[in-house]
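1. just coords:
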């Protein structure tokens, strides 16, 4: 045995690696599996020029086994293994990566290696106080054992006898406070999260007690006490270092079939009980092939005695990375399986987009539109993005805010980019133009996905009802793609009955010389249809879009036109519809407005002759462009209670629009502009405009007095 010192200042550097590099201790499993995967890739590459490297074993897999009794966790791969120089140079020199050195020497073959920092191995000390590494290189005749406690240095020993034929076996002595990583369920959870799509099979050794027919010999010779065998003790991983898999049971890297439970179990077609009875393992029936004895006159069928035995199974923990395949080679059920694995969603997806980006940045991607919107989609605690970022099939993060915009947080998917620069822990992205380029491509492809969905009106209606708010937020936030996103908007209109139409459809149906796209914001469809503000527009057979989603108020504040057609708010904007008047009428109307304004005093900012009303006598609007619907929304928010001055400002800018042709307005002169009568007209105008009346009892008293 040879003892060595680390080629670095251990107390400081190792402490930094263990306590500062990684945000979560379960990362160590990801790091060790990544190293194991790299080792297998190296072996495959080396075997192209040295076929003898894989002659003894053509299986390529990664095995995990825990030993709770001895606090040991074992991870083994059938990869290239390491020589003594490799152990000294790669494990003995912190931050020197064997993968990086290997990639550097590969001049013609593109690298698909994962670990290129040289510190991933030391993440094992996050949960272990001692680590042993047994390794055998194809060119070496002996197994080498590397051992360290991460403090005093390390030792390298040659082992004469070992079950390891090729590859590397890492044995971790788990710390007393980290025994959760010995639990098979916890191990499976971590592996599936971080390394669930690693390119080589990952198996978890599991031992369970099951009931099976008891194998009973025909005669059992009685042994003398001296001849009786000693009971066999439970094999352990340490110190005997038993292999994870017995040679006869080792699963191949590509099993011919996998059971639905993802467990690979050794087949047992038949179990012989005796020469007389044979039990088929697939059947509960017994076949009596020969009767040698008749104990009674009436024949009785033999009964099968059951016993509890240990059964070893190998659960496969990873799946195929669908996104790395060509879209034409992926079956619908593969997409469905991937979708469910991303977020444990029991429902199926609505639409999928699978593509490979090439050019300045290369990556593979699969995007899914869910069938229904998550209940917490707009809650503050909701994830900002549901895109999982992988680098060479290893999960880096599932919430990268720079990779995908927040307004598309309902989209689920996977991005695998080998070129993204990471920090040494492989948990954080470094600032890079690549991330921005990926973001740009993802948004473009997502909009393409929406447009593909829009080809089917029925499917798009379902999608739009679930995620229209996200599209409207996208228009508000994304100035670059605003025009393309506006093509996705849908609204019910005055001519579409209950069917939603696009802005393009509206433009196609516009009358000749129509000044623009008319719309109204309201709290519901009935109030929008019956609003006095739409009467004039609809009497001219112009179509009006009904915007009844609260977010539409914010949306339309930033939209002025679409494809050179101006948006016209029927509540606040000039309708640009000609009305004929004469000088005499104008003079009378001016006097009317003045008298009403004098009576109402500070209740209104102004009184004007309406160019919008047809059947209603009066309506109240806001001179600052804040509709009654918007005022109601603001009152419902924190602003309603915390900013009285803002509310007073909004109320102080109300404008009363009167219809001089209505009989109620014509009666004003006959009533000598009665104050109570004018106040009643104003309050009716408030209701017609969608506002509320502060003193409803006072309003009702005025109505009763006039009846």
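-> Perfect, I can see it now. The model shown is predicted, which means the values in this text are computed figures rather than measured ones. Numbering: from 1, shown residues only.
2. Backbone torsions only: list them for residue 64.
-> Torsion angles at residue 64 (phi, psi; degrees, to the nearest 10) stand at phi -120, psi 140.
3. Was I right to think residue 538 contacts residue 495?
-> No: between residue 538 and residue 495 there is no contact under Cβ atoms under 8 Å: 9.1 Å. Bear in mind the C-beta positions are built from the backbone N, C-alpha and C, glycine included.
4. Now do the SS call for residue 534.
-> Applying DSSP: H, G, I helix; E, B strand; the rest coil to residue 534 yields a three-state assignment of helix.
5. hey, where'd the helices end up in the stretch 601-707 of the chain?
-> 628-636, 639-642, 644-651, 663-670, 675-689, 696-706 (DSSP state H, counting those that start in this stretch).
6. So for residue 148, which of the ones you listed sits nearest?
-> helix 639-642 (60.9 Å; Cβ to Cβ).
7. which intervals of this structure have sub-threshold pLDDT?
-> For the chain, the stretches with pLDDT under 70 are 4-21, 92-119, 161, 215-302, 380-383, 422-432, 625, 637-652.
8. Break it into its domains for me.
-> According to automatic domain parsing, the chain comprises the domains 2-206, 322-442, 489-569, 583-706.
9. how long is the shortest one end to end?
-> Terminal residues of domain 489-569 are spaced 17 Å apart (Cα to Cα, to the nearest Å).
10. ok so, going back, would you turn the domains of the chain into CSV with distance to residue 308?
-> Converted to CSV, the domains of the chain look like this (distance: least, Cβ to Cβ, whole Å):
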stretch, distance to residue 308
domain 2-206, 16
domain 322-442, 34
domain 489-569, 63
domain 583-706, 64
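11. Residue 464 is nearest to which of the ones you listed?
-> Closest to residue 464 of these is domain 489-569 (Cβ to Cβ; 5.3 Å).
12. so which of the helices of the stretch 601-707 of the chain comes closest to residue 417?
-> Taking Cβ to Cβ, helix 628-636 is the member of those nearest to residue 417, at 41.3 Å.
13. ok, which stretches of the stretch 51-200 of the chain are helices?
-> Using DSSP H, counting those that start in this stretch, helices in the stretch 51-200 of the chain cover 84-86, 98-105, 184-195.
14. State the helix or strand in which the closest residue to residue 335 other than its chain neighbours lies.
-> Nearest non-adjacent residue to residue 335, counting by Cβ to Cβ, 6 or more residues apart in numbering: residue 352, 5.2 Å away. Element membership for residue 352 (DSSP states H and E) is strand 349-357.
15. That strand: what's the following helix or strand?
-> Using DSSP H and E, the helix or strand that directly follows strand 349-357 along the chain is strand 363-370.
16. Give me the distance between the helix or strand following that next one and the centre of its chain.
-> Once the chain leaves strand 363-370, the next helix or strand it forms, by DSSP H and E, is strand 386-391. Here the centre of strand 386-391 is set off from its chain's centre by 8 Å, with Cα atoms, centre = their mean, to the nearest Å.
17. what's strand 386-391 packed up against?
-> Contacting strand 386-391 under the criterion 3 or more Cβ pairs under 8 Å, 6 or more residues apart in numbering; DSSP states H and E are the following elements: helix 332-343, strand 394-397, strand 412-416.
18. related to what we said a few turns ago, of the helices of the stretch 601-707 of the chain, which is nearest residue 615?
-> Residue 615 lies closest to helix 675-689 among the helices of the stretch 601-707 of the chain, at 10.3 Å (Cβ to Cβ).
19. and that closest one with helix 663-670, angle?
-> Note on geometry: by axes from the mean of the first three to the mean of the last three Cα atoms, to 10 degrees, helix 675-689 and helix 663-670 are set 160 degrees apart in direction.
20. Need the winner for burial among the helices and strands packed on strand 386-391.
-> Stretch with highest mean neighbour count among those: strand 412-416 (a mean of 24; mean count of other Cβ atoms under 10 Å).
21. Compute the number of surrounding residues for residue 142.
-> 14 (other Cβ atoms under 10 Å).
22. Need phi/psi at it.
-> The phi/psi pair for residue 142 (degrees, to the nearest 10) is phi -120, psi 150.
23. Kindly report the same for residue 446.
-> phi -70, psi -40.
24. rewinding a little: can you put the helices of the stretch 601-707 of the chain in CSV and add distance to residue 417 and mean neighbour count?
-> CSV is the format used below for the helices of the stretch 601-707 of the chain (distance: least, Cβ to Cβ, whole Å; neighbours: other Cβ atoms under 10 Å):
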stretch, distance to residue 417, mean neighbour count
helix 628-636, 41, 18
helix 639-642, 43, 12
helix 644-651, 47, 12
helix 663-670, 69, 14
helix 675-689, 54, 19
helix 696-706, 62, 11
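25. Just put these in CSV and tack on distance to residue 35.
-> Shown next, in CSV, are the helices of the stretch 601-707 of the chain (distance: least, Cβ to Cβ, whole Å):
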stretch, distance to residue 35
helix 628-636, 56
helix 639-642, 56
helix 644-651, 60
helix 663-670, 85
helix 675-689, 70
helix 696-706, 75
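26. Compare those helices and give me the one nearest residue 444.
-> Closest approach to residue 444 among these is made by helix 628-636 (32.8 Å; Cβ to Cβ).
27. And the closest one, what does it pack against?
-> Packed against helix 628-636 by the contact rule (3+ Cβ pairs under 8 Å, 6+ apart) you find helix 550-557, strand 618-622, helix 644-651.
28. let's go with 10 Å and repeat that
-> strand 517-521, helix 525-530, helix 550-557, strand 618-622, helix 639-642, helix 644-651, helix 675-689 (3 or more Cβ pairs under 10 Å, 6 or more residues apart in numbering; DSSP states H and E).
29. which one of the ones you listed lies closest to residue 343?
-> Closest to residue 343 of the helices and strands packed on helix 628-636, according to Cβ to Cβ: helix 550-557, at 25.2 Å.
30. Next, the angle strand 517-521 makes with that closest one.
-> Using the same axes, to 10 degrees: helix 550-557 against strand 517-521 is 140 degrees.
31. List the buried residues for helix 550-557?
-> Burial within helix 550-557, assessed by neighbour count using 16 or more other Cβ atoms under 10 Å, is assigned to 550-553, 555-556.
32. Do I have it right that residue 501 meets residue 495?
-> Yes: between residue 501 and residue 495 there is a contact under Cβ atoms under 10 Å: 8.6 Å.
33. re the thing from before, as CSV, the helices and strands packed on helix 628-636 with distance to residue 306 would be great.
-> CSV is the format used below for the helices and strands packed on helix 628-636 (distance: least, Cβ to Cβ, whole Å):
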stretch, distance to residue 306
strand 517-521, 74
helix 525-530, 69
helix 550-557, 65
strand 618-622, 83
helix 639-642, 72
helix 644-651, 79
helix 675-689, 82
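34. Which of these sits closest to residue 42?
-> Smallest distance to residue 42 across the helices and strands packed on helix 628-636 (Cβ to Cβ): 54.1 Å, for helix 550-557.
35. I'd like to know how many residues surround the residue nearest to residue 581 when sequence neighbours are not counted.
-> Leaving aside its sequence neighbours, residue 581 sits nearest to residue 589 (Cβ to Cβ, 6+ apart; 7.8 Å). By other Cβ under 10 Å, 16 other residues sit near residue 589.
36. May I have the residues that are in contact with residue 589?
-> Shown in contact with residue 589 (Cβ atoms under 10 Å, 6 or more residues apart in numbering): 581, 608-609, 658, 660, 665.
37. tell me which of these is nearest to residue 526?
-> Distance to residue 526, by Cβ to Cβ, is smallest for residue 658 among the contacts of residue 589, at 24.7 Å.
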